[in-house]
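1. show me how the following folds:
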Amino acid sequence: MPPIQDMTSAASASRERTAEPSDDAALLDALQHQVAVFARRAEQTRLGGVGQVRNSMDRAAYLLLNRLDQEGPMGVKALAAGMGIDSSTVTRQVAPLVDTGLVKRTSHPEDGRAVVLQLSARGLAKLDEVRSSRRALMAQVTADWTEDERNSFTTLLTRLNGSFASRAARLPSGEQPGTDAEPAANPEGEPTESSRTTDPSKPSDSSKSSEPS
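-> Numbering: from 1, shown residues only. This is a model prediction of the structure:
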């Protein structure tokens, strides 16, 4: 029979091993923490770009315009499905984009009775301007990264976003996460009431703020 001291030491070591997280749990803890930090940093800088057009377009407006540019004219339902939000949210967020001329309503090319949303020439110009500014921000943030590191991170981040979207789609309706809670998309960078419109030619107050350190 092993000495009592040895048995006590073995039991203590076993309890310590049980209390310590596994390598997989520790890695997942580190992942969720870094995702939370990333979300906070992204909110702080709003990933709004650099220069005069920094923060000149809020997230909702940018994602809507970008989707229309990539996919072409779309109806509200198709746009909502593609973005993973409900139709009422799209309707509310797109209203100021239509009012300021960045998006226009037009007839469906195959069904003249249906109305689709289309990126206007003014909207495309604004989107290109904002993209250029945000591209410059990404270049600054990853200035000391290699091309392979940028490619790998982009691939994995795209995969993570896709995994979040797939999980949300599989949840029962009662367990669906809240839709994008931002108010109507404001092309000038700040959420606003759907009844309020702004002139995209005027710089937003947020664009006058200092660059993030």
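
2. what number of residues lie near residue 57?
-> Other residues near residue 57 come to 34 when the count uses other Cβ atoms under 10 Å. For glycine as for every other residue, the C-beta is placed from the backbone atoms N, C-alpha and C.

3. tell me how many other residues surround the closest residue to it other than its chain neighbours.
-> The shortest distance from residue 57 to any non-neighbouring residue, by Cβ to Cβ, 6 or more residues apart in numbering, is to residue 130 (4.8 Å). Using other Cβ under 10 Å, residue 130 has 23 other residues around it.

4. and residue 130, what's its pLDDT?
-> Here the pLDDT value assigned to residue 130 is 89.

5. in terms of helices and strands, where is it?
-> In the assignment (DSSP states H and E), residue 130 maps to helix 121-141.

6. for the following helix or strand past that helix, what is the average pLDDT?
-> Moving toward the C-terminus from helix 121-141, the next helix or strand (DSSP H and E) is helix 147-170. Mean pLDDT, computed over helix 147-170, is 93.

7. and the angle for helix 147-170 with helix 121-141?
-> Helix 147-170 and helix 121-141 are oriented at 120 degrees to each other (axes from the mean of the first three to the mean of the last three Cα atoms, to 10 degrees).

8. and helix 147-170, what's buried?
-> Residues of helix 147-170 include none that count as buried (16 or more other Cβ atoms under 10 Å).

9. which pLDDT value belongs to residue 211?
-> Note for residue 211: predicted pLDDT of 41.

10. contact partners of stretch 76-88?
-> 63-64, 67-68, 71, 74, 89-91, 94, 117, 165, 168-169, 179-180 (Cβ atoms under 8 Å, 6 or more residues apart in numbering).

11. with just CA atoms, put stretch 24-36 into PDB.
-> Extracted C-alpha coordinates of stretch 24-36, given in PDB (Å, rounded to 0.1, in the frame of the first residue of the first chain):
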ATOM      1  CA  ASP A  24      -8.400  24.000 -25.500                       C
ATOM      2  CA  ALA A  25     -10.400  25.900 -22.900                       C
ATOM      3  CA  ALA A  26      -7.500  28.300 -22.300                       C
ATOM      4  CA  LEU A  27      -7.300  28.900 -26.100                       C
ATOM      5  CA  LEU A  28     -11.000  29.500 -26.400                       C
ATOM      6  CA  ASP A  29     -10.800  31.900 -23.400                       C
ATOM      7  CA  ALA A  30      -8.000  33.800 -25.100                       C
ATOM      8  CA  LEU A  31     -10.000  33.900 -28.400                       C
ATOM      9  CA  GLN A  32     -13.200  35.200 -26.800                       C
ATOM     10  CA  HIS A  33     -11.200  37.800 -24.900                       C
ATOM     11  CA  GLN A  34      -9.400  39.000 -28.000                       C
ATOM     12  CA  VAL A  35     -12.700  39.200 -29.900                       C
ATOM     13  CA  ALA A  36     -14.100  41.400 -27.100                       C
END
